[in-house]
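Engineer: Starting from these lines, generate the structure:
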Amino acid sequence: MAESVCIVAEYRDGNFRKVSFEIASEGRRIADALGLKLYGIALGSGVSSVAPRLGHYGVDKIFVVDNPALEHYNAEAYAPIIAEIIKKANAGVVLLPASMNGKDLAARLAARLEAGLAQDSTEIAISNGKIRAKRPLFGGKCLGWYEWTEGSLVMISCRPNVMSCLAPDESKQAEVVLADVEVPSPKSQVVGVEMDTSGKVELTEADIIVSGGRGMKAAENFVILEELAKVLGAAVGASRAAVDAGWRPHSDQVGQTGKVVTPNLYIAVGISGAIQHLAGMGSSKYIVAVNKDPDAPIFSKADYGIVEDLFKFIPVFTEEVKKYKSTC
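Structural biologist: Sure thing, here's the model as predicted:
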């Protein structure tokens, strides 16, 4: 008989990523529905100082492994540690972020624990004690529901910015336990990390994204999107065509071969709407498309469409946003 729902928090640069609080909130909902405890697992160097924050989102107990050797994610070290804690916690359900590291870790844990895994899920439903998870298939062309056989371990990675996050309650305190596990010595080591120090908003966690495509014509023209993004507090993305042309770095690419994003507002500027791009942003809450071609496929996905030359529309739109914000 399972004792708990476990969430695996993602810790980086001295804090938990936003998606960690989203899966903690979803975990709380699942634990309450199933009558189970909610446990958290947090690994990293210095993670002990911020571990109690998970308690503010409903986590009952947090298993912490704080070790300098775990400063950077390394699957060879993380997977065996977390698998051991999941077993000790007698978990029936395990939730992870569907981030780059989270998806890698989820697959390895599923193999170790012989669990069925629903990767990059966008919805979790519970009926009569049974869990179902919904995830996109075939590049987002359709959605599939997944169920687990009775008594098997349920493992789900959750797409960032999709699961609703509880308001933090600082009066809620979790029990923090230093997990008694051995930290293995992996065969590979992280010798250095090159961080983007530009201060940009992380695409996968952004509430608003302004993306440019082939219609931007040149790298220097992205300055008009950067100005709009600054006014909106948004991140700047790009289509594969813009990245392949060398106008933007690959870290800005949205799509099947780039990043999958789920912002509240996605503004596609000069993007035709190829299937590859739609797979990366199709689950955005609201989509606005700006394209001078009225037959561009992006309009079939957009909630709002503007058929206009982007170089005429975007500067005017930016000024109008500035005026509106100055009156708020």
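Engineer: what's around Val191, how many residues?
Structural biologist: 6 (other C-beta atoms under 10 Å). C-betas here are computed from N, CA, C, even on glycine.
Engineer: which residues touch the closest residue to Asp207 other than its chain neighbours?
Structural biologist: Nearest residue to Asp207, sequence neighbours excluded (C-beta to C-beta, 6 or more residues apart in numbering): Asn264, at 4.9 Å. Residues near Asn264 by C-beta atoms under 8 Å, 6 or more residues apart in numbering: Asn161, Asp207, Ile208, Ser284, Lys285, Tyr286.
Engineer: Mind doing that once more with 10 Å?
Structural biologist: Asn161, Ala206, Asp207, Ile208, Ile209, Ser284, Lys285, Tyr286 (C-beta atoms under 10 Å, 6 or more residues apart in numbering).
Engineer: Give me the buried subset of those residues.
Structural biologist: Burial by neighbour count, 16 or more other C-beta atoms under 10 Å: within those this picks out Asn161, Ala206, Ile208, Ile209, Ser284.
Engineer: I'd like to check which residues are in contact with the closest residue to Ile224 other than its chain neighbours.
Structural biologist: Excluding the flanking residues, the one nearest Ile224 by C-beta to C-beta, 6+ apart is Ile314, at 5.0 Å. Contact partners of Ile314, counting by C-beta under 10 Å, 6+ apart, are 210, 212, 216, 221, 224-225, 227-228, 267, 269-270, 290, 306, 308.
Engineer: any idea of the mean pLDDT in the helix or strand where Ile131 lies?
Structural biologist: Per DSSP states H and E, Ile131 falls inside strand 130-137. Regarding strand 130-137, the rounded mean pLDDT is 93.
Engineer: What helices and strands are in contact with it?
Structural biologist: If contacts are counted by 3 or more C-beta pairs under 10 Å, 6 or more residues apart in numbering; DSSP states H and E, strand 130-137 sits against helix 18-34, strand 91-97, strand 116-121, strand 123-127, strand 142-147, strand 154-158.
Engineer: go with 8 Å
Structural biologist: strand 116-121, strand 123-127, strand 142-147, strand 154-158 (3 or more C-beta pairs under 8 Å, 6 or more residues apart in numbering; DSSP states H and E).
Engineer: and of the contacts of Asn264, the nearest to Lys187?
Structural biologist: Among those, Asn161 lies closest to Lys187 (C-beta to C-beta), at 34.6 Å.
Engineer: Let me know the pLDDT of that closest one.
Structural biologist: 90.
Engineer: same deal with the one 4 residues further on?
Structural biologist: Residue-level confidence at Cys165 comes out at 93, pLDDT.
Engineer: List just the nearest of the buried ones among the contacts of Asn264 to Met1.
Structural biologist: Distances from Met1 to the buried ones among the contacts of Asn264, taken by C-beta to C-beta, are shortest for Asn161, at 34.0 Å.
Engineer: Leaving out sequence neighbours, find the closest residue to the closest one.
Structural biologist: Thr262 (4.3 Å).
Engineer: before we move on, what about Lys87?
Structural biologist: Spatial nearest neighbour of Lys87, chain neighbours left out: Leu113 (7.6 Å); criterion: C-beta to C-beta, 6+ apart.
Engineer: What count of nearby residues applies to the one you found?
Structural biologist: By other C-beta under 10 Å, 19 other residues sit near Leu113.
Engineer: check contacts around it.
Structural biologist: Ala83, Ile86, Lys87, Val94, Leu153, Met155.
Engineer: And those residues, which is closest to Leu36?
Structural biologist: Val94 (11.9 Å).
Engineer: distance of that closest one from Met100?
Structural biologist: Distance of Val94 to Met100, computed by C-beta to C-beta, to the nearest Å: 18 Å.
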